[in-house]
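*Asks:* Structure for this input, please:
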Amino acid sequence: MDLQHKVIWVVGASSGIGAAVAREAQARGAQVAITARREQELVEVSGGAMLVLPADVTDPEAMVDCASTIERRLGPIDVVVIGAGAWAPMDIRAWDTQAFADTVQVNLVGTSNTIGAVLPSMLRRRTGTIAGITSPAGYRGFPTVEAYGATKAGMLNLLEGLRAQGQQHGIHVTTIAPTAVRTRLATASRLRLPFSIDPDVAGRAICDGLERERVEIAFPHRMALPLKLIRLTPVRAWPALADRLTRGR
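*Replies:* Below is the predicted model of the structure:
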């Protein structure tokens with residue numbers, strides 16, 4: 001798939017990986033629409049060359065309105081990249097149920113709301129790509145990352161199931177699995193991973209993977225396989241390893 005002239009909607013595009021994907025796609029000739037809550041940051045990302053649609057992913061009607069506006073202004077959506085993300089550290093001594101619920105609403109329910117906004121048109125046309133940005137925090141449980149990690153584990157499951165259904169209807173589903181990217185959210189997560197890359201490098205890797213129609217886009221390559229293998233760590237041994245990865249010891 002050549003991204004040139006394709007209509008691409010990037011959700012969670014005000015900073016980090018989402019912003020980098022939007023800029024890279026636009027540089028490759030795509031017609032890009034971007035969504036997040038922070039309008040001013042979206043305007044800065046767009047540089048006047050993208051359709052700016054501020055919205056809250058937790059509002060399903062707002063996401064449907066965004067998708068309708070894109071179709072009216074740019075044409076049918078060929079690719080949606082879902083990267084809206086919220087982070088809240090969890091402390092076992094002061095468990096914050098509201099922070100957990102808010103994280104689930106943005107990261108997981110927001111993903112579902114975005115998918116729901118694009119599916120009707122893609123199903124009618126029997127074509128389209130849905131790509132979701134996950135995290136190594138979804139592979140295993142990390143201390144203080146319980147809320148964020150639970151949503152990313154849920155996203156991995158959601159995308160895998162959607163892929164099985166979508167292929168029967170001409171819809172391609174891609175799991176984007178960045179393992180070490182220098183973003184504000186990655187810094188907040190406290191996961192200490194080597195070989196970190198800048199968001200712009202991640203944006204190029206994602207657009208390359210979309211053009212090659214990959215079902216999974218995992219990067220940087222030196223970290224992708226080792227992090228997948230942590231799922232094989234014995235349950236009894238995992239707490240000590242998880243503590244080292246989050247504390248950087």
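*Asks:* need the helix or strand of this structure with the lowest average pLDDT.
*Replies:* The helix or strand with the lowest mean pLDDT-type score in the chain, counting by mean pLDDT, DSSP states H and E, is helix 184-189 (a mean of 57).
*Asks:* name the helices or strands packed onto whichever helix or strand comes after that one?
*Replies:* Following helix 184-189 in sequence order, the next helix or strand is helix 199-211 (DSSP states H and E). Under the contact definition 3 or more CB pairs under 8 Å, 6 or more residues apart in numbering; DSSP states H and E, helix 199-211 sits against helix 16-27, strand 79-82, strand 128-133, strand 171-178, strand 216-219. For every residue, glycine as well, the C-beta is placed using N, CA and C.
*Asks:* 6 Å instead?
*Replies:* Helices and strands touching helix 199-211, as assessed by 3 or more CB pairs under 6 Å, 6 or more residues apart in numbering; DSSP states H and E, comprise helix 16-27, strand 216-219.
*Asks:* who's in contact with that helix?
*Replies:* Under the criterion CB atoms under 6 Å, 6 or more residues apart in numbering, residues 1, 3, 16-17, 20-21, 24-25, 176, 178, 181, 183, 217, 219 lie in contact with helix 199-211.
*Asks:* Now for these: which two are most distant?
*Replies:* Taking every pair in the contacts of helix 199-211 and measuring CB to CB, the maximum separation is 25.9 Å, between 1 and 183.
*Asks:* Which one's more surrounded, these two?
*Replies:* Residue environment comparison for residue 1 versus residue 183 gives the larger neighbour count to residue 183, 20 against 12, counting by other CB atoms under 10 Å.
*Asks:* name the helices or strands packed onto the lengthiest helix in the chain?
*Replies:* Using DSSP state H to define each element, the chain has its longest helix at helix 146-166. The helices and strands touching helix 146-166, judged by 3+ CB pairs under 6 Å, 6+ apart, are helix 97-104, strand 171-178.
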